[in-house]
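>>> only the shape, not the letters, is given here:
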């Protein structure tokens, strides 16, 4: 039985008007009438007749109307259960560099989960090379990296930038704005994480000014953002860090931003997956969500 025609039939009986249903459904009256006629052919009875009160169901029409509501509800329930069966075990694994996994990705996945409630998600913090290797070996489904991939087996999109800022303890006497050469004056804690490229970018940037990182008084290096933030909190030095990881401390006036003229260390964020032909539907759904929404959904 044509269930769309059955829905049309019920609406005609309820409104007593073919023209109103046609207008509400944005179809022509003739097309609607043809659907009703096909339904009559299927059940073998006339279902509607015109009267001075509008369109009324025949005796057969009243019987069909009585049972059709249950039929449609059962069909809808069946669709819901089939969809649950299809997606109940869909688990999407996502790798990303540490600051993204710790500070931004949870907010985005919350929104993705709202859109695709049947999907489940796993997040793992890994460096660029390890993430790409996991992707190729099908140990993860999507990954976020900070370097453009160079593998024709993979598909990727640039979805935003990681903003890098220089921060100091809020009570520090360092000016709010300095020149890049002034970095030689201030003690620094250097985040040297293999998943991020801050230290590498800083070395390249300093070369443009005929400077070396050895000219900066680096007190020590740390390999994690929490360790770097703890150092700044204890006023042990200034530090370049991802903005997403320190915006709370800036808002609460525990850290302050130091603007550095001519020193932009921001880098691109790439979303990577296997080729379209090798992706399942849930992974493709989530991939396109990230591409369409980009960094605007990051916390």
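Good, I have the coordinates. Owing to the predicted nature of the structure, the values given are computational and were not obtained by experimental measurement.
>>> all contacts plus neighbour counts: C-alpha atoms, from now on.
OK.
>>> in three-state terms, label residue 205 for me.
helix (DSSP: H, G, I helix; E, B strand; the rest coil).
>>> next, count neighbours for it.
19 (other C-alpha atoms under 10 Å).
>>> how about the nearest residue to it, chain neighbours excluded?
With sequence-adjacent residues excluded and distances taken as C-alpha to C-alpha, 6 or more residues apart in numbering, residue 205 is closest to residue 263, at 6.8 Å.
>>> do you know how far that neighbour is from residue 175?
Computed with C-alpha to C-alpha, to the nearest Å, the distance linking residue 263 and residue 175 is 16 Å.
>>> more crowded one of the two?
Per other C-alpha under 10 Å, whichever of residue 263 and residue 175 has more neighbours is residue 263, with 17 against 11.
>>> for that one, phi and psi?
Geometry field for residue 263 lists phi and psi as phi -140, psi 90, criterion degrees, to the nearest 10.
>>> wouldn't it be in contact with residue 207 here?
No - taking C-alpha atoms under 8 Å as the contact criterion, residue 263 and residue 207 are not neighbours in contact, 11.4 Å apart.
>>> please state the offset of stretch 135-150 from the chain centre?
In this view, stretch 135-150 has its centroid 16 Å away from the chain centroid, taken as C-alpha atoms, centre = their mean, to the nearest Å.
>>> so for that stretch, what's the average pLDDT?
Across stretch 135-150, pLDDT averages out at 91.
>>> equivalent analysis for stretch 238-251, please.
For stretch 238-251, mean pLDDT is 93.
>>> for it, which outside residues touch it?
Around stretch 238-251, the neighbours that count as contacts under C-alpha atoms under 8 Å, 6 or more residues apart in numbering are 99, 103-104, 162-169, 186-191, 198, 225, 228-229, 232, 255-257, 299.
>>> can you turn the buried part of these into a PyMOL selection?
Per 16 or more other C-alpha atoms under 10 Å, the buried members of these correspond to this PyMOL selection:
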select buried, resi 99+103+104+162+164+165+166+167+168+169+187+188+189+190+191+198+225+228+229+232+255+256+257
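>>> the contacts of stretch 238-251 in strands, which ones?
Here DSSP state E is the test, and these give 162, 164-169, 188-191, 255-257 as lying in strands.
>>> quick check: the two most widely separated of those residues?
The most widely separated members of the ones in strands among the contacts of stretch 238-251, counting by C-alpha to C-alpha, are 162 and 169 (21.7 Å).
>>> residue 143 belongs to a strand?
Yes - when the secondary structure is assigned by three-state DSSP, residue 143 falls within a strand.
>>> which regions of the stretch 101-250 of the chain lie under the pLDDT threshold?
Under the criterion pLDDT under 70, the flagged ranges of the stretch 101-250 of the chain are 193-197.
>>> show me where it has strands.
Ranges of strands in the stretch 101-250 of the chain, per DSSP state E, counting those that start in this stretch, are 120-125, 142-145, 154-162, 164-169, 177-179, 188-191, 218-222, 239-242.
>>> got a list of contacts for the first one?
Applying C-alpha under 8 Å, 6+ apart, the external contacts of strand 120-125 come out as 89-98, 101, 109, 113.
>>> what is the nearest of the residues you listed to residue 13?
For the contacts of strand 120-125, with residue 13 as the reference and C-alpha to C-alpha as the criterion, the closest is residue 113, at 39.4 Å.
>>> check the burial of the closest residue to that closest one other than its chain neighbours by counting its neighbours.
Nearest residue to residue 113 in three dimensions, chain neighbours excluded: residue 119, at 6.9 Å (C-alpha to C-alpha, 6+ apart). For residue 119, the neighbour count with other C-alpha under 10 Å is 19.
>>> pull the longest helix from this protein.
Ranked by number of residues, the top helix in the chain under DSSP state H is helix 59-87.
>>> state the phi and psi torsions of the residue nearest to residue 156 when sequence neighbours are not counted.
The spatially closest residue to residue 156, leaving aside those adjacent along the chain, is residue 272, at 4.3 Å (C-alpha to C-alpha, 6+ apart). Geometry field for residue 272 lists phi and psi as phi -130, psi 140, criterion degrees, to the nearest 10.
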